Every structure is written in C-alpha cells, then in structure tokens.
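**Q** missing the sequence, but the structure's below:
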C-alpha cells in the first residue's frame, strides 16, 4: 500500500516561499513608492494640486467624510445595489449558461441572442433602463444585473462545454437524472470557469454602478463623485475613486478565498 | 432503437442468456464517408459469464460496449438484455482512463451510483465501505482523485461499479493505462471481488494475456469493420490465481493459439492505418 503522494517536496516549498515573500514585498512597496512620489511632486509644485491633490490632503478629506458619516452612507447604498444586482444578474446567468451547455437546442436558440446583445455598451442602454425602470433603485440594480449577467453566462457555458465528456457518460451510465447531472457534474465541473465569470461580473458591476449613480440617484459612491465635480471638491472625487478601488480589491480577495474553499480538488493554488 | 428485454421462452432449456445481440451493426458518418465500426455481430452471453472481447484497436469493441451501456445506439440489429431484479441497475461501466469526478472524494465517487438512486445514507456507507475495503482504499476515502496514483484511481472506478450492484459489468480496457505490475495486482483484485457474486462481465481488452487470465470465454474480433471472428472457451477453473495460471503449459498454448487468430487482424488494422495516413 502506497501513501498519498506529497504535494510539494520540502526543498521546493522552502524556496518558493521565499520567492513568494519577495514578490509580496515588491507588490506592497510599489504602491507605497508611487504615493510617496506623488506627495513629493505636489509639495514641490511639479504636480498641479488642483487636479492631483496630495495623498495627505485626500486622506484628510477621507477622515472628514468618515466622521460626518456620509462616506459610509454612500458606500452602503452602492453595496446594496451591487448585491441585489449581482443576485438578479448572476443567478439567471449561471443557470442559463449551464442549461445551454447541457442542451444543444437551447444553445442554438439563445447563443445568437447573446452574441448580438453582449457587445452593446451597457452604458449606452442606461437611458433606456431609466425609461423603463424609472429614476429609483430599480434602474441601478438592473444596470448592475445586466453587467453581471453576461460574463457569468458566457463563462458558465464555456465551463460546461469544457467538461470532459466522459464525466457525462459516467452520469448517464450510473443513472443520474437531469437535475442530478446538473448538480453533480455540470455545476462542479464548470465552477472554475464560473468563478472567472463572477470576478469579471463584479468588475463590470462596479463600473456600471458608478455610472448609473451619477444620474438620478440620491446616494451612492457615483453620486458622491458627481457632486464633488459640481462643487469642484477634487479631494472628495479622489476619496470616491479610492473607495471603489478598495471595494474591487476586497471583492477579488474574498472571491479568491471562496474559490479556494469550493474547489478543493484543484491541484495547486 | 433501444435495448429490449429478453423474452423468457427464448432461453428455455439451455443455460440462461443474459445478453443477446443479433446482427448488430453500427455505422458512423465521418468526413471521408460512412465508417462501419460494427458489422453484423451476433452473440449470446450466458448469465454469470466472464466474457472477454479481444481485438485490434479500432475494431469497434468500445462501440459495442457503449451500445450496451446505453451511451450509443446501434444503426441496425437488436440488443436484448434480461431484465434485472427490481431496483437493481442493468449495468455499470468501468471506463478506460480517468473517469472519476475530480470534484468528489474517493468515497463520493465510489458512492455515485447509490447516491443517484437515493439509497439511504447508512446503506451507502456500508456498501461503499465494503468495496473500498476490498480494493484497499479505506484509508483514502476522503482523498481526491488527483492525490491518487493511476492504479488507485482505477481501483476506485472498480469500487464504484461494484458498489452500484448492477446485473452486468461492462469494462472498457480498465487496466490498459497501467504498468505491468499494477495491472497484475488489479487483475487479481478484480477476480477476487468478482468471485463474491460472479455476475456477468463483459470485458474489453487488446491484451491476449488479460483475456485468457480473466475470461471464461473470449470473442476475437476482426479489424475494422468489427466482426466476430471466433469464440474460444477458456478451460481454467475458478477461483484462479493469476501468477499460478501463467505457469501452466495450457495457458501458453491458449495464448499462442489466440495470438495466431489475432495477428492477421492486427496486421490488417495496421495496413488500414497506414492507408489512412497516406490518404
């Protein structure tokens, strides 16, 4: 009886860890260096502080906006819209994508529709969305949903199509019904691709929520940035950008963790 | 064209027939026109027989198995299989190569058939536990397939089929990717597990050694289009001991005579391959 093969020989692990540490140090140092350079340039008068306020001034504004509660209120409003839009677009995208992967006629039916509507810039249909769903929450949520829907659908479909056909044969031979094939083969087999779709979808959602909130919203990060433009508070604009960037970073970190948790069969991470 | 049940009066008197093929033909459409994979194969497989099919690659062996497994349909001809006992699946296949779900543990893989039939958890744990034990995999029941060697993976595959408790086992060159030592061990293991129930097995191989070692009866197939060339009975008693068997003079003689039959076919298959490369 042999034992389980080890994942990494010890020697290799030691070497790759120090390489990892070095990489981590570099990726930490590069933004810090950039900020430092920025700060110095503004103070030296090389950069125009009206367009590029120094990081220290942005930080001050950030603290002010945190203290008066408006930053949190706006971030929370955007997060809620992102959440509902994500559910509204992601779940149908996932289900339809997998169903299309398993069912040729359905794929033939829906594929041309997706191909025709996917390339339309989502920002271009926002006026139409406003017309249909009004100025309230619904139009913002629908925008996010549309942005999330396509990448999740396309990636789920690809994920199912790339499943080794032998797994579907096993399912049939062992008597799996449609739902069981979906649950035990198509979904787990497509999960790695689905996760890429979800990541792309979240990125798209962040872009679209910022655009959508600039028109006809009363709260949200988009509104905050837009208002800052109107009163020429450039620092507040930077705070908005910073928070959006942080959200994007946070989401991708969370998704990487989720991926690690739900794909334990992957050989390496 | 589906798989019909065998009518009871058809085998009155003789030993009961488990699988009956009549004039089975399968044609595939390809870019170079239709290719006949199986040509007019007729065959009776008795119940409880360890039936081997040996033939050159591309002779339609796998097609035959896939038709029986319900994964493919014949172009013409009929397939009759005697109905399994209530609640028992008709057949389970041991696939060639990597067919375990990478996203399931060894236990979940081996339990697949039973879970799909929604058997109670306790029953699944007991049956799967038994076959993982029989295949020496108990310790690895929570491992994922990629953590196992090729031989261990194929043992899970065998455990999956046996745990499903079907009427007929279909085995598609399950050991062809393994090295000689592992192959020998797995053949022995398979025979030991099979002895517990002695259910009908249809086993495909390109190895004459394997056919003689495992089988009760061997069908030699022709190169494409696949036809039944000859059927040979294997006289060795059971239970068999793989290495001991190979020491018998009769073993060598049988392998030699089957090779004589097969050699022409392998050469024909080779000529066909060379032809198609030129074309």
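**A** Received the coordinates, thanks. Quantities reported herein were computed from a predicted structural model and do not represent experimental measurements.
**Q** and the helices in chain B, which stretches?
**A** Using DSSP state H, the helices found in chain B span residues B:61-68, B:106-110, B:112-116, B:121-134, B:150-163, B:180-197, B:208-214, B:242-247, B:249-278.
**Q** chain A: which of those helices is closest?
**A** helix B:112-116 (4.3 Å; Cβ to the nearest Cβ). Bear in mind the C-beta positions are built from the backbone N, C-alpha and C, glycine included.
**Q** and that closest one, anywhere near chain A?
**A** Yes - applying Cβ under 8 Å from any Cβ of the partner chain, one finds helix B:112-116 touching chain A at B:112-113, B:115-116.
**Q** returning to what we had before: adding mean pLDDT, write the helices of chain B out as CSV.
**A** Output for the helices of chain B, formatted as CSV (pLDDT from 0 to 100):
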stretch, mean pLDDT
helix B:61-68, 92
helix B:106-110, 97
helix B:112-116, 96
helix B:121-134, 95
helix B:150-163, 94
helix B:180-197, 91
helix B:208-214, 95
helix B:242-247, 89
helix B:249-278, 88
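**Q** quick one: which of the ones you listed is nearest residue B:32?
**A** For the helices of chain B, proximity to residue B:32 was assessed by Cβ to Cβ; helix B:249-278 is nearest, at 8.2 Å.
**Q** show me what the closest one is packed against.
**A** helix B:208-214, strand B:217-221, strand B:228-233 (3 or more Cβ pairs under 8 Å, 6 or more residues apart in numbering or on different chains; DSSP states H and E).
**Q** list the buried residues of it.
**A** The neighbour-count check on helix B:249-278 (16 or more other Cβ atoms under 10 Å in any protein chain shown) flags B:251, B:254-255, B:258, B:261-262, B:265-266, B:269 as buried.
**Q** ranges for the helices of the stretch 1-150 of chain A?
**A** Per DSSP state H, counting those that start in this stretch, the stretch 1-150 of chain A carries helices over the ranges A:10-43, A:55-67, A:70-102, A:104-117, A:126-133, A:137-161.
**Q** winner for burial among the ones you listed?
**A** helix A:137-161 (a mean of 24; mean count of other Cβ atoms under 10 Å in any protein chain shown).
**Q** OK, contacts around residue B:156?
**A** Listed by Cβ atoms under 8 Å, 6 or more residues apart in numbering or on different chains, the contact set of residue B:156 reads B:100, B:106, B:109-110, B:135, B:137, B:145, B:148.
**Q** farthest pair in these?
**A** B:135 and B:145, at 13.9 Å, using Cβ to Cβ across the contacts of residue B:156.
**Q** more neighbours: which of those two?
**A** residue B:135 (25 against 21; other Cβ atoms under 10 Å in any protein chain shown).
**Q** how close does the nearest residue to the more buried one once chain neighbours are set aside get to residue B:189?
**A** Among residues not flanking residue B:135 along the chain, residue B:155 sits closest, at 4.2 Å (Cβ to Cβ, 6 or more residues apart in numbering or on different chains). Remark: distance between residue B:155 and residue B:189 (Cβ to Cβ, to the nearest Å) = 7 Å.
**Q** joint contacts of those two?
**A** With Cβ under 8 Å, 6+ apart, residue B:155 and residue B:189 have common neighbours B:135-136.
**Q** more neighbours, these two?
**A** Counted by other Cβ under 10 Å, residue B:155 and residue B:189 do not tie: residue B:155 has more neighbours, with 28 against 18.
**Q** quick check: that one touching residue B:138?
**A** No - if you go by Cβ atoms under 8 Å, residue B:155 and residue B:138 don't touch, sitting 11.4 Å apart.
**Q** run through the residues that contact residue A:141.
**A** A:81, A:84-85, A:88.
**Q** give me the number of residues near the residue in the stretch 151-279 of chain B that chain A sits nearest to?
**A** Relative to chain A, the nearest point of the stretch 151-279 of chain B is residue B:164 (6.3 Å; Cβ to the nearest Cβ). For residue B:164, the neighbour count with other Cβ under 10 Å is 27.
**Q** and for the one 10 residues further on?
**A** When counting by other Cβ under 10 Å, one arrives at 28 neighbours for residue B:174.
**Q** not counting its neighbours along the chain, what's nearest it?
**A** According to Cβ to Cβ, 6+ apart, the nearest residue to residue B:174 is residue B:94 (4.4 Å).
**Q** ok so, going back, distance to chain A and mean neighbour count added to the helices and strands packed on helix B:249-278, as JSON lines?
**A** JSON lines is the format used below for the helices and strands packed on helix B:249-278 (distance: least, Cβ to the nearest Cβ, whole Å; neighbours: other Cβ atoms under 10 Å in any protein chain shown):
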{"stretch": "helix B:208-214", "distance to chain A": "21", "mean neighbour count": "23"}
{"stretch": "strand B:217-221", "distance to chain A": "22", "mean neighbour count": "22"}
{"stretch": "strand B:228-233", "distance to chain A": "24", "mean neighbour count": "15"}
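**Q** save these as JSON lines, and put in distance to residue A:73 too.
**A** As requested, those are exported to JSON lines (distance: least, Cβ to Cβ, whole Å):
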{"stretch": "helix B:208-214", "distance to residue A:73": "73"}
{"stretch": "strand B:217-221", "distance to residue A:73": "76"}
{"stretch": "strand B:228-233", "distance to residue A:73": "80"}
